[in-house]
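Student: Following is a predicted model, sequence given first.
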Amino acid sequence: MVLGALLVAAGDRPRYPANRYAVAVPAPHPCSTRSPAVRGLERTGGRADRRGDLLTRRPGNLTRGPFGAPPTRRTFQHVAHDDPSALLDATDRSLLGQLRDNGRATVRAVADKLGLPESTVRGRFNALFSQGIVRSTVLVHPGVVGQRLITFVRLQVDPAAWEQVAASHVLGGAPWLARTIDSSAILTQLGVADVADVRDLVRAGNALEGVHRAEVRIVLGISLGQNAHTSLGARVGPWPTPPGRAVDDTDRRLIELLRQDGRASFTALSQQVGLTVAGTRRRVLKLAEDDLVRFVTVFDDGRPEVNADVHLVLAADRRDEVLDFVAAHPAVRYVAETAGSYDVSLFLAATDDEELDRAVDELTSVPGALAHEFVRLEVVRDRVGWDSFTV
């Protein structure tokens, strides 16, 4: 089951699979008339532009690279290690905490708050971003990109052809993709505009060489499980429907650039869209104020993890009882209600096979679960910037 970019039930928001999670900006002060995302941009945008302190996700992405210099082993030891989280010290974790609070925080602001030299914060941030421990992006209102339905796609494939199918025109653009352990099936999630697109998706999947059968299920709703480790922010719940206003070509270009790097400076963005820095700043602030984009920071702590899908058929008179039980289970990251052969799909995360097997036994034996399917997964693609990902 693919559960990184879903339309959520009110009061919940999705999390990235495979140890990745998105953190929204803090809740606004009750006396404030501006959204926290907008206030954060206003506080950091101008000074960061002058000082060049805004981070970039990778060297050469929109700006001159993270602080103008590549990371070094002396600065941060995140190279060639099986468990990067083991190399995060107390300072690194304090810096990550600051980024959770405000993904666009400048080096100076973080240094002042933590009482650290700016050079230390700059070097640590540089390495955290360059090594992929931290990434910044924006989430985009699904209506802006024309996606109103979220689908789970499962392709039964020839194991020898799974890589070719995963890179095909049908699945090549999917931000999240997993395969079964024996490579006999590929699972992903795609957003579409309407039911006609669902039909076309099934036909396109079945037409791929190496595919035996394409199955598509429509997601009716999703909630977070206990494993999601929710960090509540200002933007909790579904997007407003429909979007508050239309966007033009300049807005779309800015959104595309911000999806690549949510910390890109207004100066760098202005050079890409052909506006003044002030005009670019107004545009970005307006996109956030109108809730067309939401700035988030994505973390990958590098800890090992095993994953699985569990699909359940539920007894009608015990549906709510089962949903409450599975959502509270410590191994369940997402609970998705779907239309199709199963009533609910669960995405599980555990530290090892023994813990995963125990969780599957507990979840599939709950009273009210009439039938089930269990599939071990290996996540092979997990990118940020999902068009329909909602907080």
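Tutor: Alright, I've got the coordinates. Residues are numbered from 1 along each chain as shown.
Student: I'd say residue 208 and residue 155 touch.
Tutor: Yes. Here residue 208 reaches residue 155: they are 7.4 Å apart, a contact under Cβ atoms under 8 Å. Where you see a C-beta, it was placed from the backbone N, CA and C, and this is true even at glycine.
Student: Quickly list what's touching both of these two.
Tutor: residue 165 (Cβ atoms under 8 Å, 6 or more residues apart in numbering).
Student: Quick check on those two: which one has the bigger neighbour count.
Tutor: Ranked by neighbour count (other Cβ atoms under 10 Å), residue 208 and residue 155 place residue 155 first, with 26 against 17.
Student: where does that one fall, phi/psi-wise?
Tutor: The phi/psi pair for residue 155 (degrees, to the nearest 10) reads phi -110, psi 120.
Student: Quick check: closest non-adjacent residue to it.
Tutor: residue 186 (4.7 Å; Cβ to Cβ, 6 or more residues apart in numbering).
Student: Can you report how many residues lie near the one you found?
Tutor: Neighbours of residue 186 using other Cβ under 10 Å come to 27.
Student: That one - that's part of a strand, no?
Tutor: Yes. The assignment for residue 186 (DSSP: H, G, I helix; E, B strand; the rest coil) places it in a strand.
Student: Next up, the contacts around it.
Tutor: 154, 155, 157, 162, 165, 166, 171, 177, 178, 179.
Student: go again using 10 Å as the cut-off
Tutor: Residue 186 sits next to 153-157, 161-163, 165-166, 168, 171, 174, 177-180, 205, 210-211, 214, 380 when contact means Cβ atoms under 10 Å, 6 or more residues apart in numbering.
Student: go on, residue 355?
Tutor: 306, 330, 331, 348, 349.
Student: what about the third one, distance to residue 370?
Tutor: With the distance defined as Cβ to Cβ, to the nearest Å, residue 331 ends up 21 Å from residue 370.
Student: Comparing those two, which residue is more hemmed in?
Tutor: The neighbour comparison of residue 331 against residue 370 (other Cβ under 10 Å) goes to residue 331, with 24 against 12.
Student: so of the contacts of residue 186, which ones are in strands?
Tutor: 153, 154, 155, 156, 157, 177, 178, 179, 180, 211, 214, 380 (DSSP state E).
Student: so what's the residue nearest to residue 155 bridging to?
Tutor: For residue 186, the beta-bridge partners under DSSP bridges are residue 155, residue 179.
Student: can you check the one 5 residues further on too?
Tutor: On the basis of DSSP bridges, residue 191 is bridged to residue 150.
Student: neighbours around it, how many?
Tutor: Neighbours around residue 191, by other Cβ under 10 Å: 22.
Student: Let's have the contacts of residue 355 in a markdown table, adding secondary structure, pLDDT and distance to residue 261.
Tutor: As requested, these are exported to a markdown table (DSSP: H, G, I helix; E, B strand; the rest coil; pLDDT from 0 to 100; distance: Cβ to Cβ, whole Å):
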| residue | secondary structure | pLDDT | distance to residue 261 |
| --- | --- | --- | --- |
| 306 | strand | 92 | 31 |
| 330 | coil | 90 | 35 |
| 331 | coil | 93 | 34 |
| 348 | strand | 93 | 32 |
| 349 | strand | 89 | 28 |
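Student: ok, of the residues you listed, which come out buried?
Tutor: When the contacts of residue 355 are checked for burial by 16 or more other Cβ atoms under 10 Å, the buried set is 306, 331, 348, 349.
Student: isn't the last one right up against residue 356?
Tutor: Yes. Under the criterion of Cβ atoms under 10 Å, residue 349 makes contact with residue 356 at 8.4 Å.
Student: Common neighbours of those two, please.
Tutor: 305, 306, 307, 308, 331.
Student: Any idea how many residues pack against the nearest residue to the third one once chain neighbours are set aside?
Tutor: This means residue 307. Counting by Cβ to Cβ, 6+ apart, residue 307 lies nearest to residue 377, which is 4.7 Å off, once chain neighbours are set aside. Per other Cβ under 10 Å, the neighbour tally for residue 377 reads 21.
Student: And residue 160, by the same measure?
Tutor: Neighbour count of residue 160, defined by other Cβ under 10 Å: 9.
Student: quick one: low-confidence parts of the stretch 201-350 of the chain?
Tutor: 222, 224, 228-241, 300-303 (pLDDT under 70).
Student: Now do residue 330 against residue 356, distance only.
Tutor: Distance from residue 330 to residue 356, by Cβ to Cβ: 12 Å.
Student: Repeat that for residue 270.
Tutor: 49 Å.
Student: what does residue 161 give?
Tutor: Taken as Cβ to Cβ, the span from residue 161 to residue 356 is 27 Å.
Student: Which of these two has more residues huddled nearby?
Tutor: Set residue 161 next to residue 356 and count neighbours by other Cβ under 10 Å: residue 356 wins out with 20 against 17.
Student: Please verify my assumption that the more buried one contacts residue 329.
Tutor: No. Contact criterion Cβ under 10 Å: residue 356 and residue 329 do not qualify, at 12.0 Å.
Student: Kindly indicate whether residue 361 is helix, strand or coil.
Tutor: Quick answer, by three-state DSSP: residue 361 is helix.
Student: Check the burial of it by counting its neighbours.
Tutor: 10.
Student: List the contacts of it.
Tutor: If you count contacts by Cβ under 10 Å, 6+ apart, then residue 361 has residue 374 around it.
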